[in-house]
Each structure stands twice: as C-alpha cells, then as structure tokens.
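**Student:** Make a model of this:
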Amino acid sequence: MKNRKHFGSLLAAALLATTASQAVADEIVIATTGGLMRNTLEEHMYKPFQEATGTEVIPFDIEVPDQWARAEGMVRSGNVEFDIVTATGPDLIEKADILLTIPCAELENVQKFALEGACTDKGVARTTGGMVLTYNKEAFGGKEPKNWADFWNVQEFPGPRGLPDTGDRDWWVPAVALLADGVAREDLFPMDLDRAYKKLDEIRPHVAVWWKTGNQVQQIMRDKEVVMAMSYSGRSLATIKDGAPLGMAWEGAIRDTGYMSILKDAPNSEGALKYIDFFYGNSEGHPPFIQTVGYATSSSAGLQKLPEEEQKLYATYPANYEVLVDPDFEWIGANRAALRERWTAWLAQ
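**Tutor:** I've put the predicted structure just below:
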C-alpha cells in the first residue's frame, strides 16, 4: 500500500510537470512598449497568430530600457520569462551575448517576404522608419528640397530649421552634415567628425529649434516655427494626416528600425520563431497595422496591399528604402563616448 501511494505521488508529479511543460509550449511572452503599439500588435498580429497556431501571446508592457534591465536580471538568475524582446540596432550589438542567433534561412516567410537586411543574426525587423528631412510645401514657391544638401542650402530654401538634440542619438546630425557635404551613403562610416562639425558650423545660425521629443517636432512643423526639420518619419506622417502641408525627402534619411529579438534562454524560443515567421507572412494584418502605427513593416507581403501613393509615405517603399542610410552600429557603439563628448561640447559653444 505504501509503495502504491508512493507510485501515485510520482505519477501525479510527472503529470503536473508534463502539464506545465505543455503550458509553456503553448504560450509566448512578448515584451514591447504599451499603448498604441501593443494594442495594434494584439489586434492584427497576436490574435491571428493564436487563432492560426493555438499558441497564446502574452504581451508585457514595458519601455525598452526597463525591459533590458529586467531581461539581464532574468538571465543572471536563470529564470527567463520573456521570449521576444524589442531591440534597437545598437541593442543587437550591445546585448548580443544574451540574444538567440536567428536562423534566418529556416524561416520560410522571412525568406520569402523580408526586405534586404531585415533579418540579422540577433533580430528581425518589426517596424522601420527614418530620420527624414520634412519640409513645409508652402514655403518655397513650389520648389521642394530633395536631400540634406538642400537642407543646408539657405539661399535657395530660406527659413528657420529644426534639428534634434535627443541625447541618445548624437550621431544623427553629424551624419547628415557629412551627406550634405557630399559624402556618399556607403562611405559615411567611419565618420569624419572634423569634417562633419565644420559643416555643422555653417547651418547652426539657421537652426531655430533643437527639438527634444517627437511631440515637439510635430508642433514646430505644425505651427510653422521652422520650414524644414529632421524628424521621425512616423511623426511627420501623423502631422501630414492631420492636414499640415508637409512633404518628406527620403534621400539620405537614416534608417530607424525596431527589431524582434529572442532571449537566448527563452522558455519557448521555438514558438517565438514561429511567431516571427507568422508576422512576416500575415499579409492581411500588415496594412491596418502600418496605417495605425505610422511605421512600415519590413515584409513585402504587407506594404504592397496599400495604394501606391500611400506606400510612398513609408520608409520601406522601394524607392525610399534604397536611399536610406544603413547605420554601422558596431562603429557607433565603439565610438559612443567620443560622439557624445563632441556633440555636447559643440552645442555648448
């Protein structure tokens, strides 16, 4: 009788372990920012994936810096709870040791629909925009600036400018200064900072606003405080949709991509890979997702379903995508301190 009870206890424990294992296999936890992004992903990606596969997606709302702090703590403790995390380009370099290597060649939809460069060793592009030259269409008598050289051309395109001082992107403005000075996109890195800051000295008297936030750059364009600004493409698009007479010049815009990455010891890395592949093949979900969040996905399955005139407003429209700057995040990361010091010193002059 004692042996039977012992066997029953072992059997119950085994059943509990099996049930727990199945539960983990049937869910994935995705850490991403909340609000509009989370709600739109849930409607157009998470729920369709669950319906197609039976795997539940559990969203975890968290800002990216807090996400990394928590993820690194999970890895140290050996108790990893996130499957997919949100990553920036620099994160793919700086956090590589805790991220799973993505088997791009094994993801059928990624292979079929991903734009060039969308699948990397440590992350797969989710949304892509650009730091784009945005201008007031009514300011120049019908002429429209095409690139950063035109941004610097205050004779042909007169008026106050806006440039970002966002703290963590102190290489954006020197990069476009080099483009304005004639450096080709493919030769931008490593950056010649002496040349960049010499060029920045030329435009500085014409910069009326050093904006700090996305809300601010929308406001200064809407209120006509500036005739041109470097802006997040999603913010520019939102302002255009609100009726502002703005245009975007994509030549030399800096590609700004948010990635889906998988933690190396994720509880359900297989399910996470299936979700990413589903994301790329879910052609019906992409158009409403793109239109709602204001940023394009890097799956050709989605953007092509929008009217072509609307496609042209997004970074991944082919004619736009091919003229974007592809940042060298390894060089940027290795020179982080020098970039910050040079930028801070120049602004303080």
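
**Student:** Ramachandran coordinates for Arg204?
**Tutor:** With angles defined as degrees, to the nearest 10, Arg204 sits at phi -50, psi -40.

**Student:** residues in contact with it?
**Tutor:** Arg204 makes contact with no residue under the criterion C-beta atoms under 8 Å, 6 or more residues apart in numbering. From N, CA and C alone the C-beta is placed, and that goes for glycine too.

**Student:** Return the distance of it relative to Arg235.
**Tutor:** 23 Å (C-beta to C-beta, to the nearest Å).

**Student:** How about Met260?
**Tutor:** Noted for Met260: a distance of 22 Å to Arg235, by C-beta to C-beta.

**Student:** Check which helices and strands the longest strand along the chain is in contact with.
**Tutor:** Scanning the chain for the strand with the most residues, using DSSP state E, yields strand 246-262. When contacts are defined as 3 or more C-beta pairs under 8 Å, 6 or more residues apart in numbering; DSSP states H and E, strand 246-262 sits against strand 84-87, helix 89-94, strand 124-136, helix 148-152, helix 172-180, helix 233-241, helix 269-281, helix 318-321.

**Student:** pLDDT averaged over the second one, what's the number?
**Tutor:** For helix 89-94, the mean per-residue pLDDT is 92.

**Student:** name the helices or strands packed onto the next helix or strand after that helix?
**Tutor:** In the C-terminal direction, the helix or strand that comes right after helix 89-94 (DSSP states H and E) is helix 108-113. Judged by 3+ C-beta pairs under 8 Å, 6+ apart, the packing partners of helix 108-113 are helix 269-281, helix 300-303.

**Student:** Does anything pack onto the longest one? Which helices or strands?
**Tutor:** Translated: helix 269-281. Looks like helix 269-281 contacts strand 27-32, helix 47-53, strand 84-87, helix 108-113, strand 124-136, strand 246-262 (3+ C-beta pairs under 8 Å, 6+ apart).

**Student:** ok so, going back, distance between the longest strand of the chain and the chain's centre?
**Tutor:** Put simply, strand 246-262 sits 7 Å off its chain's centre (C-alpha atoms, centre = their mean, to the nearest Å).

**Student:** again with stretch 209-228
**Tutor:** Computed by C-alpha atoms, centre = their mean, the chain-centroid distance of stretch 209-228 equals 21 Å.

**Student:** What are the contacting residues of it?
**Tutor:** 133-136, 139-140, 145, 151, 157-167, 208, 229, 231-232, 234-236, 238-239, 242, 244, 246, 347.
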